[in-house]
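In: here is the input, now give the coordinates:
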Amino acid sequence: KEQQDALKSAPLPPASHSTAGTTVLLENLTAPGDVDDELGEEVKEECEEKCGKVVSVQVQDAILPQQPQVHIYVTFMEPQHAQKAAKVFDGRMFGQRTITARMADVPNL
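Out: Next up is the predicted model:
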């Protein structure tokens, strides 16, 4: 009983906020400065239709010179959905632009 009580009162380790394994970084989907309010929702719909349930989409416009491209982080519910998205979108053409897609972790924005 004492062990059970000790376990109940023991602090829980901090939750991991890592999105590695479930997040895909899409680059070159749109030109720097062309980010609009609908881009995230459009990306989410396309990803869910082709790959699986999306938990979140974070759009980060380009920041010159250190980040010359728009970054779109798509976090999926399941790792296999993220892996599928990386394969589906990498090298795909979108409006005269070649998308790059790779597994990534969402940075602290």
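In: check contacts around A62.
Out: Applying C-beta atoms under 8 Å, 6 or more residues apart in numbering, we find A62 in contact with P32, G33, P68, Q69, V70. Just so you know, the C-beta spots here come from the backbone N, C-alpha and C atoms, and that holds for glycine as well.
In: and for it, nearest residue in space, chain neighbours not counted?
Out: Leaving aside its sequence neighbours, A62 sits nearest to P32 (C-beta to C-beta, 6 or more residues apart in numbering; 3.4 Å).
In: can you show me the strands along this protein?
Out: 23-27, 54-60, 71-76, 93-94, 97-98, 100-103 (DSSP state E).
In: and D37, which of those is closest to it?
Out: Of all those, it is strand 54-60 that lies closest to D37, at 9.4 Å by C-beta to C-beta.
In: could you list the buried residues of that closest one?
Out: For strand 54-60, a neighbour-count test (16 or more other C-beta atoms under 10 Å) marks V54, V57, Q58, V59, Q60 as buried.
In: scan the contacts of A62 and report the most crowded one.
Out: Using other C-beta atoms under 10 Å as the neighbour test, those are led by V70, with 21 neighbours.
In: this structure: helices as residue ranges?
Out: 2-9, 39-50, 79-89 (DSSP state H).
In: any idea which of these is most buried?
Out: Across the helices of the chain, the average number of neighbours (mean count of other C-beta atoms under 10 Å) peaks for helix 79-89, which reaches a mean of 19.
In: show me the two of the buried residues of strand 54-60 that sit farthest apart.
Out: Using C-beta to C-beta, the pair of the buried residues of strand 54-60 lying farthest apart is V54 and Q60, separated by 16.6 Å.
In: dump the residue contacts of the residue nearest to A62.
Out: D61, A62, L64, P68, Q69, V70.
In: hmm, which of these is lowest in pLDDT?
Out: By pLDDT, L64 ranks lowest within the contacts of P32, coming in at 86.
In: what is the burial count for that residue?
Out: L64: 7 surrounding residues under other C-beta under 10 Å.
In: burial measure for the closest residue to R92 other than its chain neighbours, as a count.
Out: In this structure, R92 finds its nearest non-sequential neighbour in I99, 4.9 Å apart by C-beta to C-beta, 6+ apart. The tally of other residues near I99 (other C-beta under 10 Å) stands at 18.
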